Each structure stands twice: as C-alpha cells, then as structure tokens.
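Enquirer: Just to be clear, the model below is a prediction. Sequence and coordinates:
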Amino acid sequence: GSTSKSVYIQAFPKILILHLKRFEYDKASGSGIKISKAIQFREHLRFERRFVEEGSRASPPDYRLVAVLNHLGEQLHRGHYNAA
C-alpha cells in the first residue's frame, strides 16, 4: 500500500516557503532513501480553490518563485546544499 497526506490552507501567507520531502521509506534497510528523479516547476504558482479549507474566505494569491535550495548528494544525511 501507499500513503498520502492532504493539507488544506486557512489563510495564505505573503511569502510562501515549500519544503518538498523527497524520500521514501525502505523496509529492507529500515531507513529513508532519497528520490533523485528531477522535477519541473513553473515560475508562478496559484493554488486551486480545492486546496483552501472549507468555509475559509481566503483567496489564493499568485506566488512567484524567487529561489530554489537543492540538496546534492546520494544519502539523506550527507551532502551539500546549493541555492539558485
């Protein structure tokens, strides 16, 4: 089986910081394994209404990407970070 997690937004911050936890649990080793598959994202982000908590009057703003922090290394607990 697989597991998923849902998040609903009550209020949108002026500055949004997203942390993509890109690892999966390996039962054989009992530890996390880094997912190294490349992902693509756009310069602008706007949440669809379905991510807004029911009953909230919050209106999703347009967010613009200003920086990316990337982990370089094959292991979760070792490596270097760079920013662009």
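Expert: Looks like it arrived, so ask away. In this text, all values refer to a predicted model and were calculated from it rather than measured experimentally. Numbering: from 1, shown residues only.
Enquirer: thought His71 was touching Tyr81?
Expert: Yes - contact criterion C-beta atoms under 8 Å: His71 and Tyr81 qualify, at 5.7 Å. The C-beta positions use only the backbone N, C-alpha and C, and glycine is treated the same way.
Enquirer: Tell me which helix or strand Val7 sits in.
Expert: Assigned by DSSP states H and E, Val7 falls within no helix or strand.
Enquirer: Can you say which helix or strand has the residue in the chain sticking out farthest from the centre in it?
Expert: Centroid-distance maximum for the chain: Ala28 at 25.9 Å, with C-alpha atoms, centre = their mean. Using DSSP H and E, Ala28 sits in no helix or strand.
Enquirer: same deal with the one 5 residues further on?
Expert: When elements are defined using DSSP H and E, Ile33 is found to belong to strand 31-34.
Enquirer: now the end-to-end length of stretch 62-81.
Expert: End-to-end distance for stretch 62-81, by C-alpha to C-alpha, to the nearest Å: 27 Å.
Enquirer: I'd like to know how many residues surround the nearest residue in space to Gly73 that is not next to it in sequence.
Expert: Nearest non-adjacent residue to Gly73, counting by C-beta to C-beta, 6 or more residues apart in numbering: Gly79, 1.9 Å away. Around Gly79 sit 12 other residues, with neighbours defined as other C-beta atoms under 10 Å.
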